[in-house]
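**Q** Here you go, sequence then predicted model.
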Amino acid sequence: MTSRLKAKHQRLILIVIALAALIGAGLLAAYALRNQASYFYVPAQMVSEPPAPGEAVRLGGMVQAGSLRTEPDGVTFAFVVGDGEATVPVRFAGILPDLFVEGSGVVAEGRLDPGGTFVADNLLAKHDENYIPRELEEMTEHQAQQVVAETTDEQLDPGA
């Protein structure tokens, strides 16, 4: 005597297996990404509740005016990031982003060293809402609007 599963039961088993596979894939992805996630701190948080030395985090704030200096090696920069409540010294070795200037916003990705200095691996410079690309600085407002309109039209209709 052979017992065959009804089609209804076969579908139910298939759904359970698919659901288990999806849950397994999600758990595997979460496990793989656990070390890739980095927390975001502002200087006040970093001073009051510092991350463990060596833990990958992001530090966001404003580059303090007068704090940017180049180290003797010519590729290492030191500056201070603040948020109005606290400041954190930052050290970065590499090429600074074009928009990186004192008084502007920055997000630094890196680690806090045991001495309390944030060692950045990557810098993301932020611009304010008054930012004007270099190409548009010398143009009148009307000319700049024309260039923006032409660029937008070309992006919307690439075949034109």
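**A** Nice, thanks for sending it over. Numbers count the residues shown, from 1 in each chain.

**Q** just checking, what packs against the longest helix along the chain?
**A** In the chain, ranked by residue count with DSSP state H as the criterion, the top helix is helix 7-33. Helix 7-33 makes packing contacts with no helix or strand when contacts are defined by 3 or more C-beta pairs under 8 Å, 6 or more residues apart in numbering; DSSP states H and E. All C-beta atoms are positioned from the backbone trio N, CA, C, and that covers glycine.

**Q** Contacts for the helix or strand that it is followed by, please.
**A** Helices and strands here follow DSSP states H and E; after helix 7-33, the next one along the chain is strand 39-41. Contact with strand 39-41 is made by 51, 55, 57, 58, 59, 60, 107, as judged by C-beta atoms under 8 Å, 6 or more residues apart in numbering.

**Q** same thing but at 7 Å, please
**A** By C-beta atoms under 7 Å, 6 or more residues apart in numbering, the surrounding residues in contact with strand 39-41 are 51, 57, 58, 59, 60.

**Q** Pick out whichever of these sits closest to residue 70.
**A** Of all the contacts of strand 39-41, residue 59 has the smallest distance to residue 70: 20.1 Å, by C-beta to C-beta.

**Q** what sits against the closest one?
**A** Applying C-beta under 7 Å, 6+ apart to residue 59 gives the contacts 41, 46, 81, 88, 108, 118.
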